[in-house]
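J.: Sequence isn't available, so here's the structure alone:
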């Protein structure tokens, strides 16, 4: 990841004034395309779009640690799982409304991130990564064994959709299926989450995080409390991972121990790296690519893990800076040739 690539899209640093990306409301166009799926696409298309959107939020939350702060977390799925279970237990077991259960999911994930992060930020590099993995395995063990609360290996099936009568009153939406209405609500929540995270990354707080990522010793020398900032990033990232988990539990109509297994952390890390962790919109692009490839390949061959792995290797070698990084580099070359 180079300073130039970071500056070009300004997800992790300060944007160049006059950036061509900023002249076109790409994010609005993509949002409207996703929002139109229930009307123009099939039920399967809506399912795929919702999975991509939720995974994109999960990947962006990880990238606050991975790309912005320079912390490699192998256990980010723990906060995703805490959010999913908190929301699922409250809505199914205690019949708490979504509007209370959803914020509680983020709060629960934030508290766990605060506790686990307190210990993790005291370690560096490989030791940090391994401790995050250890915490995620603790969460998985609790989810798998605490039958009375989490349902154990049976999980929490049939989590209800929230009451969306108010949404049904909006013209054009009332005729949609309940699942499609929840999809639109999910999309709105994720759009707001993206806006908040983007603002955080571009804020003075975000710039301090990039300074810590680039040179933690220099940051400490100029008076930055490195551990405190890393812990704050941990809590913010954990909170939004918890929100993603809560949405995923309702989307999949259940919360299961598999959602907290370490392989989910590996999957979301691949999304961030594949899309380009030096760019704010890299992880969402990586999420879309991985989810689509996974679904497309499984329809054609039983050897899909091998084929998917081979395709990912080709993409990573072809775009070492991620898909977004590769596109940005290609565009820069084309612009250079035009000027020449």
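T.: Cool, got the structure. Worth saying up front: this structure is predicted, and the values here are computed from it rather than measured.
J.: Tell me where the chain is predicted with low confidence.
T.: Across the chain, the ranges flagged by pLDDT under 70 are 1-24, 338-340.
J.: Nearest the geometric middle of it, what residue?
T.: residue 58 (1.8 Å; CA atoms, centre = their mean).
J.: does that one count as helix, strand or coil?
T.: With DSSP: H, G, I helix; E, B strand; the rest coil as the basis, residue 58 sits in helix.
J.: Quick check, it in contact with residue 267.
T.: No: assessed by CB atoms under 8 Å, residue 58 is found out of contact with residue 267, at 9.2 Å. C-betas here are computed from N, CA, C, even on glycine.
J.: before we move on, back to that, what sits against the spatially closest residue to the residue nearest to the centre of the chain that is not a sequence neighbour?
T.: Of all residues not flanking residue 58 in the chain, residue 244 sits nearest, at 4.0 Å (CB to CB, 6 or more residues apart in numbering). The contact partners of residue 244, by CB atoms under 8 Å, 6 or more residues apart in numbering, come to 54-55, 57-58, 61, 80, 83.
J.: Of those, which pair is most distant in space?
T.: Within the contacts of residue 244, 55 and 83 form the most distant pair, 13.9 Å apart (CB to CB).
J.: These two: who's more crowded?
T.: residue 83 (33 against 23; other CB atoms under 10 Å).
J.: Nearest residue to the more buried one in space, please, no chain neighbours.
T.: residue 242 (2.8 Å).
J.: again, but for residue 329
T.: In this structure, residue 329 finds its nearest non-sequential neighbour in residue 321, 6.7 Å apart by CB to CB, 6+ apart.
J.: Please work out how many residues are found near that neighbour.
T.: 20.
J.: got it, and residue 166?
T.: 7.
J.: so where does it fall, helix or strand?
T.: Residue 166 belongs to helix 165-168 when assigned by DSSP states H and E.
J.: which residues touch that helix?
T.: For helix 165-168, contacts defined as CB under 8 Å, 6+ apart pick out 173-174, 181, 184-185.
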